[in-house]
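here you go, sequence then predicted model.
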Amino acid sequence: MKGTLSARLGLAPLTLCAAVVLAIAGCARHAAPPVPKPSPTPRPKILAVDPLDGVLVDPPTLKHRIAAVMIDNYPIDARPQSGLHDAEIVYEVEAEGGITRYMALYLTSKPAKIGPVRSARTYFVELARPYNALFAHAGENDDVWGPLKLLRADGFADMEEIVGTPEAFWRDNTREMPHNLYTSVTRLRAAAPNHGWPDSAFKQPEFDFDYMRPPIVNSAIVSFWMHYQVDYRRSGFAFERSISGDVQHDRDDSRPYQVSDIIAIWIPAQVLDNLGDLAMSVYGDFPAEVVRPDRVEAAHWIATGPDAPPEIVDDVGNPIALARGQIYIEVLPQGGSVTVGKLTISH
């Protein structure tokens, strides 16, 4: 009875080993294959509407305060500007002597360089207030200093470079003063809490938006006082802006500005002095025109005061829907005009 198992079975040792291996392999061949784990179904990305320009964005980008930046438009010395390409809304208003100035609004976009930053006027302060904005500028006219002091005491985020929040600005020595001051949305939002202006979401509705039909408007000309005018030429589903024959683009970006909506509003202005400084009251009901690539529409600009953003409505008070994308609001004095094709409109 002694001997190995292979000897008792009458098998050579290697033959027995082979038999065992084959048996195990056979079991393995007939075992059920592993069940693969199901891949998780990707969740659709949920987007939100930017209340300023109607563009669909990631919801976290809406949880911030709007930045409103005064931007220079002095011929030659200030052009081309920086950061206008990415602004959601741009107000263009005469400052003095037939030269306009921009107030650019930023909520979800954060260009790294905005400027040149210039001084404020009373009506720019009033235009910024309904947005609860971080108001960035460098100085102001004499008549603005007193009202701004009162507004600061009441919580208005007056981010002034000279004596207010200099850390939010820097000088670019490749340009001459005073046309070389710049800021960024990131710097403004970083500096503001240190001065008592916390970051907070803009929660008020602005405009209504819808999608464009096929474009039919090829051009528009916006004429201010002193022979200053802006030419808009359709490019695809947007307008390109030109001043004095030059297509506008940022200083470090050759892409032409792509404007989806032009809102021209007529607000009476008063000339204050020999320099051409102006006064105007921006709250009220003013005649307006909305120019989109797919249509032109008469409108009313309703600005009830500093606590609510303005509205653009038709003759019976219904909101006029804008195309999604960058909006230029051209604030024209009496006598200014908008020409679309052979039609010239003035108030």
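Sure, I can see it.

next one, pLDDT for the residue nearest to H347 when sequence neighbours are not counted please.
In space, not counting the residues next to it along the chain, H347 is nearest to W266; the distance is 3.9 Å by C-beta to C-beta, 6 or more residues apart in numbering. All C-beta spots, glycine's among them, are computed from the backbone N, C-alpha and C. Note for W266: predicted pLDDT of 98.

count the neighbours of W266 for me.
Other residues within reach of W266, judged by other C-beta atoms under 10 Å, total 22.

over to R175?
Residues contacting R175 under the criterion other C-beta under 10 Å number 17.

and for T344?
For T344, using other C-beta under 10 Å, the count is 11.

need the contact list for A128.
A68, M103, F135 (C-beta atoms under 8 Å, 6 or more residues apart in numbering).

tell me the one of those residues nearest V290?
The closest of the contacts of A128 to V290 turns out to be M103 (C-beta to C-beta; 19.3 Å).

wait, that closest one touches A68, no?
Yes - counting by C-beta atoms under 8 Å, M103 does reach A68; the two are 5.6 Å apart.

quick revisit: which residues pair with the residue nearest to H347 across the strands?
L332 (DSSP bridges).

that one against L332, yeah?
Yes - between W266 and L332 there is a contact under C-beta under 8 Å: 5.1 Å.

which neighbours do the two have in common?
Listed as contacting both W266 and L332 by C-beta under 8 Å, 6+ apart are H347.

can you give me the helices for the stretch 1-150 of the chain?
Under the criterion DSSP state H, counting those that start in this stretch, helices of the stretch 1-150 of the chain are mapped to 5-8, 13-30, 122-128, 142-153.

what average pLDDT does the last one get?
Taken as a whole, helix 142-153 has a mean pLDDT of 89.

also the first one?
Looking at helix 5-8 alone, the average pLDDT works out to 44.

cool, stretch 200-211 as well?
Here the average pLDDT along stretch 200-211 is 88.

check the offset of it from the chain's centre.
Centroid separation between stretch 200-211 and its chain, computed with C-alpha atoms, centre = their mean, to the nearest Å, is 12 Å.

kindly report the same for stretch 267-277.
30 Å.

contacting residues around it?
Stretch 267-277 has contacts (C-beta under 8 Å, 6+ apart) with 94, 96-98, 121, 141, 278-282, 284, 286, 331-334.

return the residues in contact with the residue nearest to H347.
F286, P287, A288, L332, P333, Q334, G336, S346, H347.

neighbours around the nearest residue to S184 once chain neighbours are set aside, how many?
Nearest residue to S184, sequence neighbours excluded (C-beta to C-beta, 6+ apart): A112, at 5.5 Å. By the measure other C-beta under 10 Å, the count of residues near A112 is 13.

out of the contacts of W266, who has the most neighbours?
Scoring the contacts of W266 on neighbours with other C-beta under 10 Å, the highest-scoring entry is L332 at 28 neighbours.

that one contacts F224, correct?
Yes - look at L332 against F224 with C-beta under 8 Å: they come within range, at 6.3 Å.

which stretches of the stretch 101-250 of the chain have low pLDDT?
Within the stretch 101-250 of the chain, not a single segment meets pLDDT under 70.

and if we set it to 90?
141-147, 149, 163-164, 200, 202-206, 211, 225-227 (pLDDT under 90).

how about the strands in it?
For the stretch 101-250 of the chain, applying DSSP state E, counting those that start in this stretch gives strands covering 134-137, 158-160, 169-171, 181-183, 208-210, 219-223, 229-235, 238-243, 246-247.
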